[in-house]
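In: build me a model from this:
(one chain, ligands or ions: 1)
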Amino acid sequence: MFRTSPILRWRKYDERYNLVGVKCEKCGKLYYPKVALCSCGSSKFTNHKFKGEGTLLSFTEVSSGPEAFAEHSPYCLGIVQLDEGPKITAQLADCKIEDLKIGLKVQASFRKFYDSGEKGSIHYGTKFTPKY
Ligand SMILES: [Zn+2]
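Out: All right, here's what the predicted structure looks like:
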């Protein structure tokens, strides 16, 4: 079985839970998730923590998603453009499809994703909620 070192695992947690991406040291372009090579050709980056606020660019409702998400069905999925630039596809929480419109301001929220039955572990991650 493939095992990730604890350090790598924590780095992944930081990306997923705290919206940590990278900023190119050469041109300043921001990425989320992290990339290895910038469009300017540089591979030197520093970590960048996004504020977690953005605008809804597109959305849809998923009525029969993957089994792991069954307890949340139906749920909404959206493309969110972070205020700093990068676009993220994410679940939208605390809302119904009728509440959503393109251009709606949203903010990141740390939420439960699903239980993985056998081991009883609960997976968390970032969802976005409407900002009223
Ligand atoms: Zn660059």
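
In: touching, residue 112 and residue 121? I think so.
Out: No - using Cβ atoms under 8 Å, residue 112 is not in contact with residue 121, being 11.3 Å away. For glycine as for every other residue, the C-beta is placed from the backbone atoms N, C-alpha and C.

In: span of stretch 40-47 from start to end?
Out: End-to-end distance of stretch 40-47: 17 Å, with Cα to Cα, to the nearest Å as the criterion.

In: spell out which parts of this structure neighbour the ion.
Out: For the chain, the residues in contact with the ion (Cβ under 5 Å from the ion) are 24, 26, 27, 29, 38, 40, 42.

In: what about the strands in the chain?
Out: Per DSSP state E, the chain carries strands over the ranges 20-24, 30-31, 45-49, 53-62, 75-82, 87-92, 105-116, 121-130.

In: got JSON lines for those, with mean pLDDT and mean neighbour count too?
Out: Formatted as JSON lines, those follow (pLDDT from 0 to 100; neighbours: other Cβ atoms under 10 Å):
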{"stretch": "strand 20-24", "mean pLDDT": "95", "mean neighbour count": "20"}
{"stretch": "strand 30-31", "mean pLDDT": "96", "mean neighbour count": "17"}
{"stretch": "strand 45-49", "mean pLDDT": "95", "mean neighbour count": "14"}
{"stretch": "strand 53-62", "mean pLDDT": "96", "mean neighbour count": "17"}
{"stretch": "strand 75-82", "mean pLDDT": "95", "mean neighbour count": "20"}
{"stretch": "strand 87-92", "mean pLDDT": "93", "mean neighbour count": "18"}
{"stretch": "strand 105-116", "mean pLDDT": "84", "mean neighbour count": "16"}
{"stretch": "strand 121-130", "mean pLDDT": "84", "mean neighbour count": "16"}
